[in-house]
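return a 3D structure for these sequence lines:
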Amino acid sequence: MKRTISFNTGKGSYRHNNRTFTAENVDPERSRFNINYCEMPIKKVYHELFDQALKNYNAKQKRKDRQIENYYKHIESGKQEKLFHEVIIQVGNKDDMSATGDRAELAKTILDEYYQGFQQRNPHLKVFSAHLHMDEATPHLHIDFIPFTTGSKRGLETRVSLKKALEQQGFKGIGRGDTEWNRWAQSEKEQLAKVMQRHGIRWEQKGTHEQHLSVLDYKKQERTKEVEALDAQIEVKESEVHALEERVAGLKETETTIQEIEDMLRSDTELEPPEPQGLMTAKSYKKKFVDPIISKLKSLVKTLAEKYFEGWNKYYNLCSSIKSLRHENDYLRSENSRLTEVNEELRKENKAYKILQKYLGKGKVENIAYMVRTFKHNQIPRQERRQEER
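Numbers count the residues shown, from 1 in each chain. This is a model prediction of the structure:
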């Protein structure tokens, strides 16, 4: 017996997962067969994971405006990381592993066994909510978790980071199509496949996912990948801007040094010439008292000038870099927004395409699409067609 594996991301709706809210596709009569593994308040979990690291971080901040009062709200209002992530795992589909069929209990047993080892396999993904649903079309598992990394040299020592959490678990991505998430998801599918095999079911892999997508599906997926890549670029650029802003703040040290020199000039009694002692010639007085003061003043003025021009040069360069990075970041956000809109249009087109398939049949729709593409292709002048093909 063979069955497919579904491993998708979810929105993480508490009320839906714990059945506080019952959707239309839920059969309340079968909700008693669900398994609620855990349901911890997410804010409480944030306190347990990050309070000590937050305390240590704030203690190191010399400026109060650099301190973080509430880490949960800090992540919630930020754009680099999500508060948590959800995965939805399923074996088979509603036709071959229905929640009301004779294999419903088998699916439940497999998913339950798979979940029992999830937290142990993923020490950097803190599970705070997990539910196995038997009251929908197909048995499936919701797992909500907070990804965190430890030993960080930037920000909190223990902080939220999906990429770093997966890296610390041994999953290192090398490109757009081979990310940390993709490698981790593949590993989890393989773990589930092992459980299935112990129960006499083999994993049915239908080749690459792209081969089973319609043209619109594939385009939508490619736009999604581009959006994710842009999000990653934005995260990098925001980190660079943050680092530069910290360096600009560090220029205040130069300002402090200049202020200290200014105070010294005003208050240092050694810079005030004393009254002549007894009968001294002007030459002796100059050599003994005036010349050392002038020498010290020259040294202070030289240091002051160096600090001033050093600070101004750094400030000018850093402001230029920050301005350039902000322009680049604005462009990335604009491009990200554009791709998101394109993706939404493709989603709508894809929905319409599937409706046509449902009422006209897949073969007929594909024939129509082929005829339209052929017609458009024949309307393009030969020179433009070559350029397009190129």
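
next structured bit after the one helix or strand W184 maps to?
Taking DSSP states H and E as the criterion, W184 maps to helix 180-198. Sequence-wise, the next helix or strand downstream of helix 180-198 (DSSP H and E) is strand 202-203.

what lines up beside that following strand in the sheet?
When pairing is defined by DSSP bridges, strand 202-203 lines up against strand 2-3 (parallel).

contacting residues around the partner strand?
91-92, 96-97, 196, 201-204 (CB atoms under 8 Å, 6 or more residues apart in numbering). Every C-beta, even on glycine, is put in place using the N, C-alpha and C of the backbone.

measure S337 to A165 for me?
28 Å (CB to CB, to the nearest Å).

tell me which of those two has more neighbours.
A165 (25 against 12; other CB atoms under 10 Å).

and the more buried one, how close does it get to E180?
9 Å.

is A130 bridged to anything, and to what?
Residues in beta-bridge contact with A130 (DSSP bridges): C38, I143.

contacts only, for it.
Counted by CB under 8 Å, 6+ apart, A130 has contacts 36-38, 115, 118, 141-144.

V127 belongs to a strand, doesn't it?
Yes: with DSSP: H, G, I helix; E, B strand; the rest coil as the criterion, V127 is part of a strand.

so it is in contact with D144, correct?
Yes: using CB atoms under 8 Å, V127 is in contact with D144, at 7.0 Å.

more neighbours, those two?
D144 (25 against 18).

can you verify E24 is assigned to a helix?
No: read with three-state DSSP, E24 is coil and lies in no helix.

kindly format the C-alpha coordinates of stretch 115-135 as PDB.
Extracted C-alpha coordinates of stretch 115-135, given in PDB (Å, rounded to 0.1, in the frame of the first residue of the first chain):
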ATOM      1  CA  TYR A 115       4.400  13.500  16.700                       C
ATOM      2  CA  GLN A 116       5.800  11.800  19.800                       C
ATOM      3  CA  GLY A 117       9.300  12.200  18.400                       C
ATOM      4  CA  PHE A 118       8.900  15.700  17.000                       C
ATOM      5  CA  GLN A 119      10.100  17.800  19.900                       C
ATOM      6  CA  GLN A 120      13.100  15.500  20.600                       C
ATOM      7  CA  ARG A 121      14.200  15.800  16.900                       C
ATOM      8  CA  ASN A 122      13.700  19.500  17.000                       C
ATOM      9  CA  PRO A 123      15.200  21.000  20.200                       C
ATOM     10  CA  HIS A 124      15.300  24.500  18.700                       C
ATOM     11  CA  LEU A 125      11.600  24.500  17.700                       C
ATOM     12  CA  LYS A 126       9.600  25.000  20.900                       C
ATOM     13  CA  VAL A 127       6.200  23.400  20.500                       C
ATOM     14  CA  PHE A 128       3.500  25.200  22.400                       C
ATOM     15  CA  SER A 129       0.400  24.000  20.600                       C
ATOM     16  CA  ALA A 130      -0.300  20.600  18.900                       C
ATOM     17  CA  HIS A 131      -3.600  19.000  17.800                       C
ATOM     18  CA  LEU A 132      -4.500  15.900  15.800                       C
ATOM     19  CA  HIS A 133      -7.900  16.400  14.000                       C
ATOM     20  CA  MET A 134     -10.200  13.500  13.200                       C
ATOM     21  CA  ASP A 135     -13.300  15.600  12.600                       C
END
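
would you mind listing the buried residues in it?
For stretch 115-135, burial by neighbour count (16 or more other CB atoms under 10 Å) applies to 115, 118-119, 122, 124-135.
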